[in-house]
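1. no sequence for this one, just the structure:
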């Protein structure tokens, strides 16, 4: 097959798999993504390798599991020796351009140890995780000099030392006081920036400028939206597009609170869970969360229109996904972190414009896939080899082209390190005693916890994961079997990054080829 010229890799932040029209949500309006889904192949069982931004994204960008790349939580530096998609592209004289969020934290100690001079081209490449940061905006706080958003806002009339906090994530209370959108009691208010000046619109504008400037050229763009991640406050009219009558029923059952697993119990007592366990919070936040998604859909539609009108769509692989979901009150929890499907299952669509993908357009693939499959998929589409790289994922293109047999998984893996969370203190655990691993197949979800009993959910009979069978003696054999699978997986995962498995195979038993003889008579 002729390689594709361009790649548009779109990632949203904290977008649930079930909050899209084509995914079955009854009230949310996502017409552009719904239309796009008919041009794509949809992967309905796609899972991230961690339920929080940092480790999930590093798995996506490296094509490796959390236990291999070592970024176990947010703001843990990406080791300088870990290769990313940007490194693989650079080796082929290509650039991985970034507009939006990456959540990469540089390994400054490692970079300095190599003697790389600060702010040189190499330093920037290593510090960014291989990205060419055209405009980086992570969305968790006021953007710094790596983004032009603050100055753009000031030029639009939002005069402030900190327009992000003063306008983007603020609103006016009914009595006219300025209030912060960080607080959930205020997220029903419209943001003090107009929709066209919001983060979502700004990132889109930068992407449109990029695409217009590169018509007919080679490019790879990671367009990474910071929404619908908190702060949940939305600009008008998206702040009140939906009401509590439009939200899905909350997925929680009081039997979950009977003899809860210790880690789950600790999370139940964290502030975000105590807040989201109240229906009042759910009714206030979820409609705004849906509004942020509708705005994302609208802005993504502008990007698609540009690709269509410029003719670039026929040369471009497009991947659309999310880094994790959002609990939003499900299971009496707020935020994300834990291994419920609302967190670790994500939307994933792949558009390949080449004719061989025509038979799979608008169709769903129910096989289990992982976010670490994205890097191999991109390299495959660009005609670049993958077997010589330390990747742990597999290209998804065989699911689209039906020419070669795709590699199918028996299970998916996700991991957690809750040592940074209050739950660690609640459970009186040390920082190296807070690991958890999920092994999920089509029928069962098994969770192994460091220092605590396991969890088990029967996904066939209990798809909402209300009944934890981790202590039920009737399921001891199933738990033992799944644990054995997990242990086998752990033993098969290595942290080698300087040589691929193929290179190891090529060099096996080759000592004599190099004039080395040991034990020879």
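-> Noted; the coordinates are in hand. This one's a predicted model, so the numbers in the text were calculated from it and none came from an experiment.
2. buried residues in stretch 188-198?
-> For stretch 188-198, burial by neighbour count (16 or more other C-beta atoms under 10 Å) applies to 188-193, 195, 197-198. (Each C-beta comes from the backbone N, C-alpha and C, glycine too.)
3. Please identify which pair of these lies farthest apart.
-> Using C-beta to C-beta, the pair of these lying farthest apart is 188 and 197, separated by 19.9 Å.
4. and the nearest residue to residue 469 once chain neighbours are set aside, what helix or strand is that in?
-> Spatially, and ignoring its direct neighbours in sequence, residue 469 is nearest to residue 456 (4.2 Å; C-beta to C-beta, 6 or more residues apart in numbering). Secondary structure from DSSP states H and E places residue 456 in strand 452-458.
5. And the next helix or strand past the helix or strand hosting residue 364?
-> Take DSSP H and E as the rule and residue 364 turns out to sit in strand 363-365. Counting by DSSP H and E, the next helix or strand C-terminal to strand 363-365 is strand 369-370.
6. for the nearest residue to residue 379 once chain neighbours are set aside, what are its contacts?
-> Spatial nearest neighbour of residue 379, excluding adjacent residues (C-beta to C-beta, 6+ apart): residue 386 at 5.2 Å. By C-beta atoms under 8 Å, 6 or more residues apart in numbering, the residues touching residue 386 are 376, 379-380, 395.
7. Next: residue 84.
-> 61-62, 78, 96, 129-130, 375.
8. mind redoing it with 7 Å?
-> 61-62, 129-130 (C-beta atoms under 7 Å, 6 or more residues apart in numbering).
9. which among the residues you listed gets closest to residue 229?
-> Distances from residue 229 to those, taken by C-beta to C-beta, are shortest for residue 61, at 17.6 Å.
10. measure residue 468 to residue 312 for me?
-> Separation of residue 468 from residue 312 (C-beta to C-beta, to the nearest Å) stands at 49 Å.
11. list the contacts for residue 365?
-> Per C-beta under 7 Å, 6+ apart, neighbours of residue 365: 41-44, 399.
12. can you give me the strands in the stretch 401-521 of the chain?
-> Here the stretch 401-521 of the chain has its strands, by DSSP state E, counting those that start in this stretch, at 412-417, 435-440, 444-449, 452-458.
13. Could you tell me the per-residue confidence at residue 494?
-> Per-residue confidence (pLDDT) for residue 494: 69.
14. Flag the shaky bits of this structure, pLDDT-wise.
-> The model of the chain has pLDDT under 70 over residues 494-497, 499.
15. Just want the phi and psi numbers for the residue sitting nearest the centre point of the chain.
-> Nearest residue to the geometric centre of the chain (C-alpha atoms, centre = their mean): residue 323, 1.1 Å. Note on residue 323: backbone dihedrals following degrees, to the nearest 10 are phi -90, psi -20.
16. my guess is it contacts residue 55, does it?
-> No - applying C-beta atoms under 7 Å as the test, residue 323 and residue 55 come out as separate, 9.6 Å apart.
17. Tell me the secondary structure of residue 223, please.
-> Secondary structure, DSSP: H, G, I helix; E, B strand; the rest coil: residue 223 is strand.
18. Tell me, how many residues neighbour it?
-> Residue 223: 25 surrounding residues under other C-beta atoms under 10 Å.
19. my read: it touches residue 207, true?
-> Yes - contact criterion C-beta under 7 Å: residue 223 and residue 207 qualify, at 5.0 Å.
20. Please enumerate the helices of the stretch 301-450 of the chain.
-> Listed in chain order, the helices of the stretch 301-450 of the chain (DSSP state H, counting those that start in this stretch) span residues 341-344, 374-381, 397-401, 422-426.
21. picking that back up, in the strand holding residue 456, which residues are buried?
-> Result for strand 452-458 [16+ other C-beta under 10 Å]: buried residues 452, 454-458.
22. Not counting that strand itself, show me its contacts.
-> Here strand 452-458 has contacts from 261-263, 444-448, 465, 468-471, 475, 478-479, 483, using C-beta under 7 Å, 6+ apart.
23. ditto for stretch 115-129
-> Against stretch 115-129 from outside (C-beta under 7 Å, 6+ apart): 61, 78, 80, 84, 86, 102, 104, 106, 111.
24. cutoff 10 Å now
-> 57-58, 61-62, 71, 77-78, 80-87, 90, 95-96, 98, 102-108, 110-112, 114, 131-133, 136, 146 (C-beta atoms under 10 Å, 6 or more residues apart in numbering).
25. Stretch 483-490 too?
-> If you take C-beta under 10 Å, 6+ apart as the criterion, stretch 483-490 is touched by 65, 67, 410-411, 413, 437-439, 441, 444, 446-448, 454, 456.
26. try it again with 7 Å
-> 411, 413, 437, 439, 446, 448, 454.
27. try stretch 408-418
-> 47-51, 65-67, 72-73, 337, 339, 344, 367-368, 370, 424, 434-441, 485, 489.
28. I'd like to know which of those are buried.
-> 47-51, 65-67, 72-73, 337, 339, 344, 367-368, 370, 424, 434-441, 485, 489.
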